[in-house]
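Enquirer: Build the 3D model from these lines:
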Amino acid sequence: MPQAPIPTKTERYSPYSRRLHLGDSLRQLRQDQDSSIQQVAKTIGMDRTLLTRIETGQRRVAADVSISIAEHLGIEQHSARWQEFYALARDAAQSGWWEGRAFKGLSPRQALPADLEAGASTIRWYDFSLIPGLLQSPAYLRARHNASVTNDHSLDNPIDVRARERRQQEVFVPGGPRIEVVVEETVVRRVVVPKPAMLEQLEHLLDLIDTNGQVDFRILPVGGELLGVRAPRSPWEIYEFVAGDPPAVMVESLTEDVLLRDHTEVANHERLWRRLHEIALPPDESRKLIARNIEIISKEQ
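Expert: Predicted coordinates:
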């Protein structure tokens, strides 16, 4: 039979999200055959631990390796399903700028978001204490970088500052992701950096609201009612992907981030997001609040 053409490369994708998607698909194939990891690993001559790490997306391997596993699990060569696996395997085997020599030593807390952002179609971001990293101005970014209150020495890494700047450059391009943000009112009112840096940040937000069609920035007023859902206990982001990978949620804490992919957990955050977005001030009202705070801080200097 004639071979079907190799699928074209996805324009934007997250290698890590593609690895997770690939691993899920391979695991589903194996479970559909009621086979154990040990049985499949023995059949294809692969170490069981390696196969486990491939299925969980924790190990990058060449596309040929992933395709070989899929074929052993019954995917017919050059069929439509085979091409779907090939596209996943090819993307999952790639690396990104965050893994290059210029960013050697980059902390996981910068590398993972950079990876996910590379393939995102939409990023929905909630925060109650700080301006989200992708929207931070240079002075605000560097002031916060120097304000570490933990023993996490990755925060002292100057490469992380350059990576944050690079992440912004990569996101704000034609065809980049839509960025929807809801922050608590205290984020724009509380001065958490020197006042000149805070003023620069607030002016930067006004510029984004006025000129950047990718950004939807909304402020959750102190008087807003949040009834019927659990109140947020940490900052988090919801990622949706261009390539059609399942959505994911990144939950932040003081020292580490956790990626959630369970359907129920993601759905809970999506439901909470819709409620927060509903009661937040629209962009024009949010802009007025930011402008008023600029006037207040300017008079205090």
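
Enquirer: C-alpha only now, for contacts and for neighbours.
Expert: Will do.

Enquirer: end-to-end on stretch 88-106?
Expert: One end of stretch 88-106 to the other measures 26 Å (CA to CA, to the nearest Å).

Enquirer: Number the chain from 506, please
Expert: Okay, using 506 as the starting number, the last item reads as stretch 593-611.

Enquirer: can you list the residues that contact that stretch?
Expert: 514-515, 518-524, 526-527, 565-569, 571-572, 616, 619-620, 662, 664-665, 668 (CA atoms under 8 Å, 6 or more residues apart in numbering).

Enquirer: buried stuff in that stretch?
Expert: 593-599, 602-603, 608, 610-611 (16 or more other CA atoms under 10 Å).

Enquirer: I'd like these as a markdown table, with secondary structure, distance to residue 765 and pLDDT appended.
Expert: Formatted as a markdown table, these follow (DSSP: H, G, I helix; E, B strand; the rest coil; distance: CA to CA, whole Å; pLDDT from 0 to 100):
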| residue | secondary structure | distance to residue 765 | pLDDT |
| --- | --- | --- | --- |
| 593 | helix | 20 | 95 |
| 594 | helix | 22 | 97 |
| 595 | helix | 24 | 96 |
| 596 | helix | 21 | 97 |
| 597 | helix | 19 | 97 |
| 598 | coil | 22 | 97 |
| 599 | coil | 22 | 96 |
| 602 | helix | 24 | 97 |
| 603 | helix | 21 | 97 |
| 608 | helix | 26 | 95 |
| 610 | coil | 25 | 92 |
| 611 | coil | 22 | 93 |
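
Enquirer: among the contacts of stretch 593-611, which are in helices?
Expert: 520-524, 526-527, 568-569, 571-572, 616, 619-620, 664-665, 668 (DSSP state H).

Enquirer: Buried subset of those, written for PyMOL?
Expert: Typed into PyMOL, the line below selects the buried ones among those, using 16+ other CA under 10 Å:
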select buried, resi 520+521+522+523+524+526+527+568+571+572+616+619+620+664+665+668
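
Enquirer: Would you map the helices across the chain?
Expert: 520-537, 542-549, 553-560, 568-577, 585-597, 613-623, 643-650, 663-676, 690-694, 700-716, 768-784, 788-805.

Enquirer: Of all these, which one is nearest residue 635?
Expert: Nearest to residue 635, of all those, is helix 690-694, at 5.4 Å by CA to CA.

Enquirer: The closest one - contacts with which helices or strands?
Expert: helix 788-805 (3 or more CA pairs under 8 Å, 6 or more residues apart in numbering; DSSP states H and E).

Enquirer: what's the angle from the helix it packs on to helix 700-716?
Expert: Using axes from the mean of the first three to the mean of the last three CA atoms, to 10 degrees, one finds that helix 788-805 and helix 700-716 are set 160 degrees apart in direction.

Enquirer: What mean pLDDT does helix 788-805 get?
Expert: Mean per-residue pLDDT for helix 788-805: 95.

Enquirer: repeat for stretch 636-651
Expert: The model assigns stretch 636-651 a mean pLDDT of 91.

Enquirer: swap in stretch 693-713?
Expert: 96.

Enquirer: Fine by me, thanks again.
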